[in-house]
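1. my questions are about this predicted structure, shown below with the sequence.
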Amino acid sequence: MPFAKGDRVKHPGKPEWGIGEVLENSSSSAVRIFFVGAGEKQLSLAHVDLLPVIGLDAHHPVLDNLKLVPSTKGVSYISLPQAISRFLERYPEGFYGQKYLSEERDYKVKAHKLCQELLGEEKIESARQAKKYDEICKRALRVVNATNLIFPNEKMALKDGLVGDYAKKLFAESLYDLLFGSADLESRFNKFRNALEEIGAAKWTTMTYFLFLTFPETYIFLKPSITQNAADLSAFEINYRPDVNWFTYKHVLEFANYLRNALAELKPRDMIDVQSFMWCIC
């Protein structure tokens with residue numbers, strides 16, 4: 001039987017391939033399909049009776065956000081088991097081994113604790129009430145310098161932007177709103193992005209760093225090259241654009257949450273582990 005682009009199917013003889021999506025309308029003899037467990041396949045319909053998958057069973061986070069990267073980029077899809085294998089080659093004991101902890105996690109947890117100490121809600125609120133915006137900015141820069149996650153030139157751009165009373169107040173107030181405001185996340189994200197743009201420091205690393213370190217259980221850090229490569233390897237469309245924007249970050253959060261759920265066997269604790277996994281598979 002012919003299949004239409006977008007149909008979801010399974011191969012009866014290859015259950016390990018999982019669900020597949022038909023990539024183009026098929027001829028009567030062949031069909032091109034992307035399987036989450038095997039990547040792209042060209043199948044002869046004369047030799048296999050594909051099983052249609054419909055309804056709730058047809059949904060899968062990768063297929064629902066499918067992005068196929070042209071081979072000219074040098075990125076080839078790897079299935080989740082392959083990605084896990086790649087991670088475990090570097091860290092055989094997974095997220096709880098000493099090598100992983102010392103190389104990837106411990107310094108980020110230390111920075112998280114410093115962020116809590118310097119930029120916790122009560123600490124920022126107290127400084128805001130006293131109009132000590134300069135103090136909030138100094139604390140933020142200390143947190144930024146606690147890791148190598150933000151590029152040196154972007155750290156410098158933030159420091160250079162925090163000159164003058166207006167810039168310091170703008171940054172301090174928008175940072176407080178981003179982390180602890182009552183508005184929806186999109187509005188808070190956009191407000192902080194606008195503030196960073198105004199002081200000349202609107203980069204993805206700076207934009208997502210404070211959310212990540214304040215709430216590592218919820219928010220992911222976006223480092224452009226690593227995040228794009230991890231998403232491309234996973235065939236997950238994150239709608240990346242170099243300019244800081246909510247649409248991209250929303251999809252990056254979806255990608256990060258997909259990975260966190262899919263990595264259940266490795267027991268990731270939070271987005272620190274997810275971000276480290278992204279780095280490793282790249």
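-> Looks like it came in fine.
2. so how far is stretch 188-205 from its chain's centroid?
-> Using CA atoms, centre = their mean, to the nearest Å, we find the averaged C-alpha position of stretch 188-205 to lie 18 Å away from the chain's own average C-alpha position.
3. pLDDT (mean, whole number) over that stretch?
-> With pLDDT averaged residue by residue, stretch 188-205 scores 98.
4. residues touching that stretch, excluding its own?
-> 149-151, 154, 157-158, 160-162, 167, 170-171, 173-175, 177-178, 181, 183, 206-207, 221-224, 242-246, 249 (CB atoms under 8 Å, 6 or more residues apart in numbering). (Glycine included, C-beta is placed from N, CA and C.)
5. could you pull out the strands for the stretch 151-282 of the chain?
-> Along the stretch 151-282 of the chain, counting by DSSP state E, counting those that start in this stretch, no stretch forms strands.
6. distance-wise, check the nearest residue to F151 once chain neighbours are set aside relative to T147.
-> The shortest distance from F151 to any non-neighbouring residue, by CB to CB, 6 or more residues apart in numbering, is to T205 (6.3 Å). The gap separating T205 from T147 is 10 Å, by CB to CB, to the nearest Å.
7. with L259 instead?
-> Taking CB to CB as the measure, L259 falls 21 Å from T147.
8. equivalent analysis for T206, please.
-> With CB to CB as the criterion, T206 and T147 are 12 Å apart.
9. with A231 instead?
-> A231 is 22 Å from T147, by CB to CB.
10. of these two, which one has the most company?
-> When neighbours are counted by other CB atoms under 10 Å, A231 comes out ahead of the other of A231 and T147, with 25 against 16.
11. I'd guessed the more buried one sits against N239; true?
-> No - taking CB atoms under 8 Å as the definition, A231 is not a contact partner of N239, at 9.6 Å.
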